[in-house]
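Q: My questions concern the predicted model and sequence given below.
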Amino acid sequence: MIIEQEIAREARAEISTVVRTVAPPTTLPDLLARRAQSLGTQPAFTCLDHEGGADLVSGSLSWRELDQRVDDVASVLLDRLEPGQRVAILGAQGLDHMVGFLGVLRAGVIAVPLFATGAGRLRTVLTDCRPSVVLTTRAELAPVCRFVGPYQAVVAIEDFPAGASPRRPNWTPARRPTCTTRPTPPTRRSAFW
């Protein structure tokens, strides 16, 4: 009995040491990369379409597929944008919206996730945040282009080239961009005030 207790105590000490030496992920994209390595082909997200009839599942991504698609988006954004620039993500909730959001975070620029809540409010938010690019889905590309006008870059998330491997931005904690739901600095009274 004493030997079993001693072995159990040593095993707990070993596990505790191992757990302390593995640094926790500091960002959502870091956590995603770890999950892609450890969980690989297991489902990460499944999107349900309640208007789809008998088959409610409209799409699913494994951790590895999600990580690769996020890399695809981040790679292009890293090549074209500077720290502090904003990327609006405008479209229906779904897998592509999630990919776009996480890709923006991995690229180290500021994500401004938006949903269709009314033309006036959306126009105000877009004017206030002044995004460098607007991400949307292929299905919503034409209406979003008409809405934002000809002088705004709009890209369908599905159209980012596959197989990219972005260089990871090396942000110091004080400079690490984030997600915003209130555009800063405001150029006029925002819909969120």
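A: Structure's in. What do you need?

Q: you'd agree residue 83 is in a helix?
A: No. If the criterion is DSSP: H, G, I helix; E, B strand; the rest coil, then residue 83 is coil and not within a helix.

Q: give me the number of residues near it?
A: Residue 83 has 13 neighbouring residues, counting by other CB atoms under 10 Å. C-beta coordinates here come from the backbone N, C-alpha and C atoms, glycine included.

Q: So what does it have for phi and psi?
A: With angles defined as degrees, to the nearest 10, residue 83 sits at phi -60, psi 140.

Q: Hmm, it is touching residue 77, no?
A: No. The criterion here is CB atoms under 8 Å, and residue 83 misses it with residue 77 at 11.3 Å.

Q: Name the residues contacting each of those two.
A: residue 109 (CB atoms under 8 Å, 6 or more residues apart in numbering).

Q: Tell me the confidence at the closest residue to residue 77 other than its chain neighbours?
A: Distances taken as CB to CB, 6 or more residues apart in numbering place residue 107 nearest to residue 77, at 3.7 Å, with adjacent residues excluded. If you check residue 107, the pLDDT there is 90.

Q: measure residue 107 to residue 123 for me?
A: Here residue 107 is placed at a distance of 25 Å from residue 123 (CB to CB, to the nearest Å).

Q: between the two, which one's more packed in?
A: residue 107 (29 against 14).

Q: How much space separates the more buried one from residue 145?
A: From residue 107 to residue 145 the distance is 22 Å (CB to CB).

Q: Which parts of this protein are strands?
A: 43-48, 57-62, 86-90, 110-114, 133-136, 154-156 (DSSP state E).

Q: same for the fifth one, what does it pack against?
A: Right, the one you point to is strand 133-136. helix 63-80, strand 86-90, helix 95-107, helix 141-148, strand 154-156 (3 or more CB pairs under 8 Å, 6 or more residues apart in numbering; DSSP states H and E).

Q: Sheet partners, orientation included, of it?
A: Sheet pairing for strand 133-136, assigned by DSSP bridges, gives strand 86-90 (parallel), strand 154-156 (parallel).

Q: Verify the contact between the residue nearest to residue 77 and residue 82 for me.
A: No. The pair residue 107 and residue 82 fails to qualify as a contact (CB under 8 Å) at a distance of 10.6 Å.

Q: How about residue 115, nearest residue that isn't a chain neighbour?
A: That would be residue 93: by CB to CB, 6+ apart, it lies 7.0 Å from residue 115.
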